[in-house]
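Engineer: give me a 3D structure for the following:
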Amino acid sequence: MALALTGGLVSAAQATPAVEESSLRVSVGTVQPVAAAQARAALPCERGKAYYTRYQSCVVVGATVTLLRNGRPVGNAKFDITHKMTLKNKSLKWSETIKIGKARLVNASGVTVGLKVTCGGKCKPTSQFPRGRKLGREFSGKVNYQDKVAKLKKDNTSAKYVFTFTKPGYAPGGFNYRSVPFRCDDTFWNRQHTRRTLSPGCAFHTYIPVMTTMRSLPQIAQNIRNVQSGGGHYGRIGSGKPLHREGYEQAIRDNREKVCPRGQTPPRPGLSCDEYPFASTREGGHHVAADSRGTAWVPEDEQRKQGGRIQIFQKKERIVHRDAFWVHV
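Structural biologist: Next up is the predicted model:
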């Protein structure tokens with residue numbers, strides 16, 4: 001994933017050679033997306049980085065406005081633009097704070113900032129960013145967002161920021177770039193599609209969350225460790241391949257039947273067949289090589305808890321069909 005940043009000179013009207021041409025040349029630094037550790041107390045903010053988790057992002061863009069006369073620099077303003085966006089797990093409404101940092105001005109007073117925010121699909125932004133403010137002192141404003149998603153549908157998009165800089169007597173300059181991509185969905189319904197099991201909401205869907213709740217199920221956790229130690233190391237963060245949710249019930253049943261068929265007899269009462277990768281993943285069943293999957297007989301109580309914890313994790317992180325995740329034990 002990459003964030004697109006573009007900037008350049010907005011051409012002045014054609015003038016005769018005798019007239020001095022004055023213009024603003026603008027530029028922005030590159031931004032590197034960074035998936036932050038979700039357990040952090042506070043999301044980092046650092047120039048040139050776009051830190052994000054499943055529901056939060058902080059993007060800091062370094063920018064420069066250079067004043068030109070007849071193509072020669074005569075002054076400049078250097079500053080940072082900080083974006084902090086927080087999505088909502090159970091709402092299609094959210095907000096973002098955009099801050100223009102204190103500018104370092106060299107013969108560049110009087111440069112005014114303008115901002116237009118858009119987003120694709122059915123996403124609608126409402127900007128409260130202040131108008132007519134000049135570079136110099138720090139200032140900030142909010143942008144409120146709202147999306148509309150049809151039943152069982154999802155909407156992938158991102159915010160686009162178009163900045164314009166003006167100064168009397170100078171041709172304006174501008175640049176634009178986009179936020180970390182996000183997705184809103186209304187896909188959590190019961191099997192009959194008659195009742196929601198989770199309200200519509202939004203997430204930074206390119207972030208891969210980590211499931212940790214299997215660690216307190218000793219026998220299941222051991223089975224996962226055994227399988228993750230070999231083959232493709234599926235689900236093991238750092239050295240393996242992520243799992244991906246399977247959202248279709250028939251496919252989940254087929255996966256389970258292939259590795260834990262109904263009718264088999266446990267070695268003793270009270271045990272249940274446990275499979276990994278989970279049947280509720282696209283890697284379940286026989287979809288990965290034999291050395292990347294495995295089964296074990298585990299206590300029925302652990303098996304019952306496992307199913308509930310998987311569902312809770314899917315809702316907490318808005319894991320929809322085909323979404324990736326890790327399993328840490």
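
Engineer: which of the residues in stretch 183-190 are buried?
Structural biologist: 183, 184, 185, 186, 187, 188 (16 or more other C-beta atoms under 10 Å). Using the backbone N, CA and C atoms, a C-beta is placed for each residue, glycine as well.

Engineer: dump those into CSV; add distance to residue 140 as well.
Structural biologist: CSV is the format used below for the buried residues of stretch 183-190 (distance: C-beta to C-beta, whole Å):
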residue, distance to residue 140
183, 26
184, 25
185, 30
186, 32
187, 34
188, 34
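
Engineer: out of those, which are inside strands?
Structural biologist: 183, 184, 185 (DSSP state E).

Engineer: and which of these is nearest residue 158?
Structural biologist: residue 183 (9.7 Å; C-beta to C-beta).

Engineer: list the contacts for that closest one?
Structural biologist: Listed by C-beta atoms under 8 Å, 6 or more residues apart in numbering, the contact set of residue 183 reads 154, 155, 156, 157, 202, 203, 204, 205.

Engineer: could you spell out the sheet neighbours of the helix or strand hosting the fifth one, each with its direction?
Structural biologist: The reference is to residue 202. Element membership for residue 202, per DSSP states H and E: strand 201-203. Taking DSSP bridges as the criterion, strand 201-203 sits next to strand 182-185 (antiparallel) in its sheet.

Engineer: how about the CA coordinates for the strand it pairs with, as CSV?
Structural biologist: Output in CSV follows, covering the C-alpha atoms of strand 182-185 (Å, rounded to 0.1, in the frame of the first residue of the first chain):
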residue,chain,number,x,y,z
PHE,A,182,-10.7,2.6,4.7
ARG,A,183,-13.8,0.4,4.3
CYS,A,184,-17.4,0.6,5.7
ASP,A,185,-19.6,-2.4,5.6
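
Engineer: just how off-centre is that strand within its chain?
Structural biologist: 9 Å (C-alpha atoms, centre = their mean, to the nearest Å).

Engineer: before we move on, what about stretch 48-66?
Structural biologist: The answer for stretch 48-66 is 13 Å, by C-alpha atoms, centre = their mean.

Engineer: check stretch 149-159 too.
Structural biologist: 14 Å.

Engineer: got the end-to-end distance for it?
Structural biologist: 17 Å (C-alpha to C-alpha, to the nearest Å).

Engineer: and it, which residues are buried?
Structural biologist: Here stretch 149-159 shows 149, 154, 155, 157, 158, 159 as buried, counting by 16+ other C-beta under 10 Å.

Engineer: per-residue pLDDT of residue 121, please?
Structural biologist: pLDDT recorded at residue 121 is 88.

Engineer: burial measure for it, as a count.
Structural biologist: 15 (other C-beta atoms under 10 Å).

Engineer: could you measure from it over to residue 156?
Structural biologist: In this view, residue 121 and residue 156 are 7 Å apart by C-beta to C-beta, to the nearest Å.

Engineer: check contacts around the residue nearest to the spatial centre of the chain.
Structural biologist: Of all residues in the chain, the one closest to the mean position by C-alpha atoms, centre = their mean is residue 204, 2.4 Å from it. Counting by C-beta under 8 Å, 6+ apart, residue 204 makes contact with 52, 53, 54, 55, 56, 57, 87, 180, 181, 182, 183.
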